[in-house]
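>>> quick one, structure for this:
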Amino acid sequence: MYDIKTSKHFEKRVDEKSGAEYYVLKTYVATQQQGFYFVNPCMDKDARYLWFYCTFPPAEYRTLGLVDFTTDEVHHFPDAHFHDVTPIVDEETGDVIFANHRGIYRRSTNPNEPTELLCNLPSEIVGRTRKEYLVSPATHLTFSPDKTELFFDSYNAGGCIAGTLNLETKEFKVWVRPEFLRNHGQINPVHKDIALMAEEFENDEFGKRRSIRTDENGVFMRLWTVNRNGEEKYWAPLNLEKASHEWWSADGSKIYYCKYSKMNDGICGIDIFTGEHKLYAPVSAWHGFSSKDDTLFVFDENDGFFRGCPSRVGLYNTKTETKVYFNSQNPALNPPDKPNNYHLDPHPRFNANDKYIVFTTAMDGHTDVAVAITEDIVALTEK
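Below you'll find the model as predicted:
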C-alpha cells in the first residue's frame, strides 16, 4: 500500500519558518480542492483512503474526490454532490456518507460502484408547504457510537429540527425543535443519548440579522447539549466570554471549544459529568481539534476574519506546553472588500487514529489538500 510519502500524487513542502514538513495533493480533479470540515474524519482508520471536497467555480455545489492509497489513484465523483459540510467517512470501510436536498447517500471507495441512496430525507424535515421550504437538510452528519444511527440538524423556513435517523429502519427520531437556529449537531462519540449543538447567527423573515443570545447573567448561549428525550441545556464559556467551533473529546466526556475575547483566546474544555472547566491550549484558535488522548491540539488562526483571509496552522503539545506552526502562512485568497464565495478555511483535524493531520492550504493562491505526519510535527515541540 502507498502512503503520503510514497504516493506520486503528493509533493513535499517545508515550512520556511518552522522547518516542518507536510505534503500537498498536486493531482487536480477539480478547480478547488480542500480537506473536510474539522468535525468529521476524511480518512479511514488505516489510512487507505483520503476523501476531499471538490469545487468548480462559479458553481455553488461541491462534490467529492478520493485518493486511494491501495492503488495510488485519484478519483472524482461528480455524482457525490453534497450540501454544506455533511460528508462523513466510515472509518472502518472507508466509504463516505453525505446528504443533499434529495436524500442521504453512501459513496463507495470503488469507482465502479454507483452512489447508493440510503434513504429519502425524512418527512419531518422536508417542508410541507411553500412557506416551509427546506433551507438545509443538515450541517454535517455524525454516527452514533454503534453506527446504527446518524444525528443531524435540519433547517427549513418553518424552523429548526434535530434528531437521529435509524440506518436500518429509516425511522427519524426527533430530539428537539429549537426556537432559535442551532446547527453543527454532533452526537456524542460514546454516549448515544446526548448530542452537541451550537446556537447560530441567522436572518429573520425580514432579513434582519439576529445574533447569538446572551442570557440575563451574561452567558453567551452558543454551547448546547440535547438529549434523546428532549432535554436541553446551554453551557457557559469560561469567564463569561464567547465560544465557537465546538467538538466532543474522543472519550465523550468533554465539550471542547474555541474561546475568543479581547483579552485572551484559547481552546477550552467542559467536562459534562464532573463540571471541570479549564483552558487546555493557550492559542488563538479559530478552529481546533484534539488527539484521542487529549494531549495534542491542532488549530488554525487568522488576524482578522473574512472568507479567504490569511491564516496559519499549528499544533499545541500540552505535555511540553509548546506550540509550532507547521503551515505558518497561508496568504489571502481575496482582499477584505471582496471576500471569497467559498468556505475555504484550513480546518485542521487528526485522522487515521491520529497518524495524520489533514488541512487546507492556500500557498499557491488557490486551495490544496495538505497532510502532515503527526509524529513529525510533535517532534518539533519536544526539542
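
>>> can you name the next helix or strand after the helix or strand bottoming out on mean pLDDT in the chain?
In the chain, the helix or strand scored least confidently by mean pLDDT, DSSP states H and E is strand 202-203, which has a mean of 74. On the C-terminal side of strand 202-203, the closest following helix or strand by DSSP states H and E is strand 209-210.

>>> quick one: the next helix-or-strand element following that next one to chain centroid distance?
Downstream of strand 209-210, the next assigned helix or strand under DSSP H and E is strand 223-227. Between the centre of strand 223-227 and the centre of its chain there are 18 Å (CA atoms, centre = their mean, to the nearest Å).

>>> for stretch 16-31, same thing?
For stretch 16-31, the distance to the chain centre is 20 Å (CA atoms, centre = their mean).

>>> buried residues in it?
A20, E21, Y22, Y23, V24, L25, V29, A30 (16 or more other CB atoms under 10 Å). Glycine gets a C-beta too; all of them are placed from N, C-alpha and C.

>>> and the pLDDT for V135?
pLDDT recorded at V135 is 86.

>>> skip ahead from the one helix or strand it maps to and say which helix or strand is next.
Following DSSP H and E, one finds V135 within strand 134-136. Later in the chain than strand 134-136, the nearest helix or strand by DSSP H and E is strand 142-143.

>>> by contact count, what packs against that next one?
Applying 3 or more CB pairs under 8 Å, 6 or more residues apart in numbering; DSSP states H and E, we find strand 142-143 packed against strand 149-156, strand 182-187.

>>> export these to a markdown table and append columns for mean neighbour count.
Output for these, formatted as a markdown table (neighbours: other CB atoms under 10 Å):
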| stretch | mean neighbour count |
| --- | --- |
| strand 149-156 | 25 |
| strand 182-187 | 24 |
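
>>> okay, those strands in CSV with mean pLDDT and distance to T214 next?
Listed next are the helices and strands packed on strand 142-143 as CSV, based on pLDDT from 0 to 100; distance: least, CB to CB, whole Å:
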stretch, mean pLDDT, distance to T214
strand 149-156, 94, 22
strand 182-187, 96, 16
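
>>> possible to save the ones you listed as TSV with distance to D72?
Output for the helices and strands packed on strand 142-143, formatted as TSV (distance: least, CB to CB, whole Å):
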stretch	distance to D72
strand 149-156	31
strand 182-187	33
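
>>> so which of those strands gets nearest T71?
Comparing these against T71 with CB to CB, the closest turns out to be strand 149-156 (28.9 Å).

>>> got any ranges where the stretch 1-150 of the chain has weak pLDDT?
Along the stretch 1-150 of the chain, segments meeting pLDDT under 70 span 127-132.

>>> please repeat the previous calculation with a cut-off of 90.
60-61, 123-135 (pLDDT under 90).

>>> quick one: the strands in it?
10-14, 21-25, 32-34, 49-55, 62-68, 73-82, 88-89, 96-99, 103-107, 116-120, 134-136, 142-143, 149-156 (DSSP state E, counting those that start in this stretch).

>>> give the next helix or strand downstream of the last one.
Using DSSP H and E, the helix or strand that follows strand 149-156 towards the C-terminus is strand 159-166.

>>> mind listing what that next one pairs with, with the direction of each?
Sheet pairing of strand 159-166 (DSSP bridges) gives strand 149-156 (antiparallel), strand 172-176 (antiparallel).

>>> alright, calling it a day.
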